[in-house]
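Student: Return a 3D structure for these sequence lines:
(4 chains)
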Protein chains: 2
Amino acid sequence: MGNSREEKRADLRARLIAAAQDQITQHGITGLKARALTTQAGCALGALYTAFEDLDMLILHVNARTLARLGETLKAALPAPDAPPEAALQALASAYVDFACANRALWIALFEHRLPEGVEMPDWHRKDHAVLIEVLIAPLHALRPDLDEAALVMRSRTTFAAVHGVVLLALQGRFVGVPLDQLKSEVTALVSAMTRGAHLGQDAG
Amino acid sequence: MGNSREEKRADLRARLIAAAQDQITQHGITGLKARALTTQAGCALGALYTAFEDLDMLILHVNARTLARLGETLKAALPAPDAPPEAALQALASAYVDFACANRALWIALFEHRLPEGVEMPDWHRKDHAVLIEVLIAPLHALRPDLDEAALVMRSRTTFAAVHGVVLLALQGRFVGVPLDQLKSEVTALVSAMTRGAHLGQDAG
DNA sequence: GAATAAAATGAACACTGTTCAAGAAAAAGT
DNA sequence: ACTTTTTCTTGAACAGTGTTCATTTTATTC
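Tutor: Okay, the predicted model is just below:
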């Protein structure tokens, strides 16, 4: 049995990720503490640092899993490819709101967690974020066939960020945020306006 | 001289707020440390807690000043009241982007700072956030005269949050954020689309 | 100018994330 | 099967937080 070492190590990492996900779900990202985490995972405090570089990297693994789930949710929400682009964008926005509400603390962790100053995000995690915008390119292309690939990528980021901003301020409970019971209708209205406006206008991309 | 006490106390508070603002500007909100702060303010560590309840409340005072400056910037950017609403919204968005870029760390502090779980924002600071949305009501009313006051307030929050989301992800340097050199053009395009779409459509408010 | 009240001080405390010498466990050698 | 060597695991100790509070210093009052 040459893989007992690796098996144990993989098991420890999995237990730590699961415990971290549970702690974030229960107490938010600021409530994630190394001691409570390792106790729940059934290992010693120091074991955390044999499995991951530090707490930040563990959080990145939790975020990677959340992003993967979110990506699948968005893809599942896409209507048929020949559906009108408005329908696709509304379905994606609706699925995004639903996911954020149903996975509140984990979703907020995606955007509130910040690496220490000077620490760059590792490459393996950068790509995980692409799921947020890649599904937008096809409907936006249908809406704006005049834009080239680069402009479409930019417009995807902007479109995502606009919807994201509304959801974020609402779920953070900010004073200027929309109340939760009006979040879906406001997002629908925003996507509706953006879609009609984009359809209509041919601004400088 | 009965006011020597109060004068000193007010001076200490002012020095602490100024030092905190400077520290946040230089090192971000996570780089604000009680010891460095009090050293720069020229007082003892414990003096901080005679002037403010805790560090969080001091940050709220810094944020209040930032919001006041931002509010004046937005009001100064407003065109004449009879200007077309598109022009007003574009001017406000442009001023918002400029302010965020020119006061990056202080602006980010407005939205990245979170009170400890269970601590509610004090009343005196809640109202400070209103400047972000109150300037939007008039142009949105011109754009959508069919909406009542409550719906206009909601639409103001949503419109603000949409622009805010694009600026936030860009200035945080998130992977899905728009690059800084394209931020203004993308925000312009977003406001343009939202404006035309709102002008056109009469969705359920 | 003494007595009293108020405020400033910084060492000490409680709680973080992280490290590392010491011990336990596994693998290799004979 | 037992020893040796390597590897991994452990949790006490460390460095860095925000916050408190007995003590000292300062301001006000009589």
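Student: Contact partners for the closest residue to DNA strand D within chain A?
Tutor: Nearest residue of chain A to DNA strand D, counting by C-beta to the nearest atom of the strand: residue A:46, 1.8 Å away. In this view, the C-beta of every residue, glycine as well, is placed from N, C-alpha and C. With C-beta atoms under 8 Å, 6 or more residues apart in numbering or on different chains as the criterion, no residue contacts residue A:46.
Student: Spell out which parts of chain A neighbour DNA strand D.
Tutor: Within chain A, the positions lying close to DNA strand D (C-beta under 7 Å from any atom of the strand) are A:5, A:8, A:9, A:12, A:43, A:44, A:45, A:46, A:47, A:49, A:50.
Student: Just the buried residues of these.
Tutor: By neighbour count, with 16 or more other C-beta atoms under 10 Å in any protein chain shown, the residues of chain A next to DNA strand D hold A:12, A:43 as buried.
Student: Mind picking the two most distant members of the residues of chain A next to DNA strand D?
Tutor: Of all pairs drawn from the residues of chain A next to DNA strand D, the greatest distance, 21.1 Å, lies between A:5 and A:45 (C-beta to C-beta).
Student: mind checking pLDDT for residue A:205?
Tutor: pLDDT, residue A:205: 38.
Student: ugh, wrong one, residue A:6
Tutor: If you check residue A:6, the pLDDT there is 76.
Student: Can you report how many residues lie near it?
Tutor: Neighbourhood size, residue A:6 [other C-beta atoms under 10 Å in any protein chain shown]: 9.
Student: and the residues of chain A next to DNA strand D near DNA strand C, which?
Tutor: By C-beta under 7 Å from any atom of the strand, the members of these lying near DNA strand C are A:5, A:45, A:46, A:49.
Student: For chain B, give me its nearest residue in chain A.
Tutor: Proximity of chain A to chain B (C-beta to the nearest C-beta) peaks at residue A:165, 1.9 Å away.
Student: quick one: the helix or strand where that residue lies to helix B:149-171, angle?
Tutor: Element membership for residue A:165 (DSSP states H and E) is helix A:149-171. Counting by axes from the mean of the first three to the mean of the last three C-alpha atoms, to 10 degrees, helix A:149-171 points 120 degrees away from the direction of helix B:149-171.
Student: Packing partners of helix A:149-171?
Tutor: helix A:85-102, helix A:104-112, helix A:131-143, helix A:183-200, helix B:149-171, helix B:183-200 (3 or more C-beta pairs under 8 Å, 6 or more residues apart in numbering or on different chains; DSSP states H and E).
Student: How about the shortest one and chain B, any contact?
Tutor: Yes: when contact is scored as C-beta under 8 Å from any C-beta of the partner chain, part of helix A:104-112 falls within range of chain B: A:111, A:112.
Student: residues in contact with that helix?
Tutor: The contact list for helix A:104-112 (C-beta under 8 Å, 6+ apart) reads A:21, A:24-29, A:59, A:62-63, A:66-67, A:70, A:99-100, A:164, A:168, A:171-172, B:112, B:114, B:174.
Student: Rounded mean pLDDT for it, please.
Tutor: The predicted model assigns helix A:104-112 a mean pLDDT of 98.
Student: Would you mind listing the buried residues in it?
Tutor: Buried residues in helix A:104-112 (16+ other C-beta under 10 Å): A:105, A:106, A:107, A:108, A:109, A:110, A:111, A:112.
Student: One more: the fifth one?
Tutor: In terms of neighbour count (16+ other C-beta under 10 Å), helix B:149-171 has its buried residues at B:151-171.
Student: Check the third one too.
Tutor: Within helix A:131-143, the residues scored as buried using 16+ other C-beta under 10 Å are A:131, A:132, A:133, A:135, A:136, A:139, A:140, A:141, A:142, A:143.
Student: now do the fourth one
Tutor: Of the residues in helix A:183-200, those buried under the neighbour-count criterion (16+ other C-beta under 10 Å) are A:183-199.
Student: The first one too?
Tutor: Of the residues in helix A:85-102, those with enough neighbours to count as buried (16+ other C-beta under 10 Å) are A:85-86, A:88-93, A:95-97, A:99-100.
Student: Can you pull up the most central residue in chain A?
Tutor: residue A:67 (4.6 Å; C-alpha atoms, centre = their mean).
Student: does the nearest residue to that one once chain neighbours are set aside sit in a helix, a strand or a coil?
Tutor: The spatially closest residue to residue A:67, leaving aside those adjacent along the chain, is residue A:128, at 4.6 Å (C-beta to C-beta, 6 or more residues apart in numbering or on different chains). Following DSSP: H, G, I helix; E, B strand; the rest coil, the label given to residue A:128 is helix.
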